[in-house]
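A.B. asks: predicted model, plus sequence, below.
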Amino acid sequence: MKHLKALIVDDEPLAREALRLRLEVANDIEIVGEADNGEDALLLAAQQQPDVVFLDINMPRLCGIEAGALLAQYCNAHIVFVSAYQEHAIEAFRLNAIDYLTKPINDEFFAQTLTRLRQRQINHPKDKQVITPKHQYLKRIALKEGGETRMVDTQSIISVESANDYLCIKVAKQTLVIRKTMKQLSALLDPQQFIRCHRSHLLNISMIESLKQTDEGVYLCCQGHMHPVSRRYLGQVKTKLKAFYP
């Protein structure tokens with residue numbers, strides 16, 4: 001049974017893949033998210049409460065050292081820095097990082113890091129409390145397509161529909177699937193950009209084309225697809241989409 005939750009943060013797709021492939025073979029580690037910048041890493045850490053964050057240093061918007069300092073302050077996850085350069089090692093260990101790995105990753109050193117992590121988790125279990133950064137929402141999200149994980153701009157998402165334990169996220173002409181609840185995802189998306197119209201439907205407001213009232217109920221047309229508006233969310237929909245209502 002997996003009992004360690006890991007978050008991967010790196011702006012390079014190949015670097016994320018290198019970590020992902022190594023972690024996926026570990027029976028006791030679950031990858032709960034990926035990010036390509038420090039800002040989204042903080043949001044995902046707040047939502048997923050990982051036990052360990054594998055954190056790159058040279059990234060846009062918020063570098064790894066800055067993100068690591070905030071994670072050390074607000075999140076009790078262990079931090080493993082992964083960098084192509086050794087010059088930041090002193091700063092990293094000042095943040096009480098559990099390890100500092102250099103790229104390309106050495107498999108033997110990586111195995112030692114996991115051993116150290118497991119031992120640290122046993123001897124010093126972490127309190128899961130996380131303080132969520134305020135007024136910030138995901139700008140990019142990791143979505144799997146077959147064996148590939150893509151970083152997608154949230155503003156390009158057209159709609160989200162839940163199907164059992166999965167979410168079907170429509171982007172352009174593709175539908176990508178992630179294992180997450182609607183509640184978890186909606187908490188990470190900007191409410192000024194997205195609207196919940198049904199327990200199983202979340203829409204990008206900018207993609208909504210029209211509203212249709214029929215004998216069966218109210219529907220929102222989003223990129224040619226009709227989404228039901230339930231009574232529970234009708235008031236919220238009316239408030240946000242005043243242009244559709246006289």
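C.D. replies: Everything's here; your move.

A.B. asks: all the helices of the protein, residue numbers only.
C.D. replies: Along the chain, the segments classed as helices by DSSP state H run 13-24, 38-48, 64-74, 89-94, 107-123, 182-186, 231-240.

A.B. asks: make a markdown table out of the ones you listed and add mean neighbour count, distance to residue 5 and mean pLDDT.
C.D. replies: For every residue, glycine as well, the C-beta is placed using N, CA and C. Listed next are the helices of the chain as a markdown table, based on neighbours: other Cβ atoms under 10 Å; distance: least, Cβ to Cβ, whole Å; pLDDT from 0 to 100:
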| stretch | mean neighbour count | distance to residue 5 | mean pLDDT |
| --- | --- | --- | --- |
| helix 13-24 | 16 | 11 | 95 |
| helix 38-48 | 24 | 6 | 86 |
| helix 64-74 | 20 | 14 | 81 |
| helix 89-94 | 14 | 21 | 80 |
| helix 107-123 | 14 | 11 | 90 |
| helix 182-186 | 15 | 13 | 86 |
| helix 231-240 | 14 | 31 | 89 |
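
A.B. asks: what would the ones you listed look like in JSON lines with distance to residue 202?
C.D. replies: Listed next are those as JSON lines, based on distance: least, Cβ to Cβ, whole Å:
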{"stretch": "helix 13-24", "distance to residue 202": "25"}
{"stretch": "helix 38-48", "distance to residue 202": "15"}
{"stretch": "helix 64-74", "distance to residue 202": "27"}
{"stretch": "helix 89-94", "distance to residue 202": "38"}
{"stretch": "helix 107-123", "distance to residue 202": "34"}
{"stretch": "helix 182-186", "distance to residue 202": "6"}
{"stretch": "helix 231-240", "distance to residue 202": "10"}
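
A.B. asks: of all these, which lies closest to residue 195?
C.D. replies: helix 231-240 (5.4 Å; Cβ to Cβ).

A.B. asks: now the residue sitting furthest away from the middle of the chain: phi and psi?
C.D. replies: Residue farthest from the centre of the chain, counting by Cα atoms, centre = their mean, is residue 215 at 38.9 Å. Dihedral angles of residue 215 (phi, psi; degrees, to the nearest 10) stand at phi -70, psi -20.

A.B. asks: that one and residue 194, how far apart?
C.D. replies: 28 Å (Cβ to Cβ, to the nearest Å).

A.B. asks: cool, and residue 55?
C.D. replies: Counting by Cβ to Cβ, the gap from residue 55 to residue 194 is 28 Å.

A.B. asks: which one of these two has more residues nearby?
C.D. replies: Neighbour count, other Cβ atoms under 10 Å: between residue 55 and residue 194, residue 55 has more, with 29 against 23.
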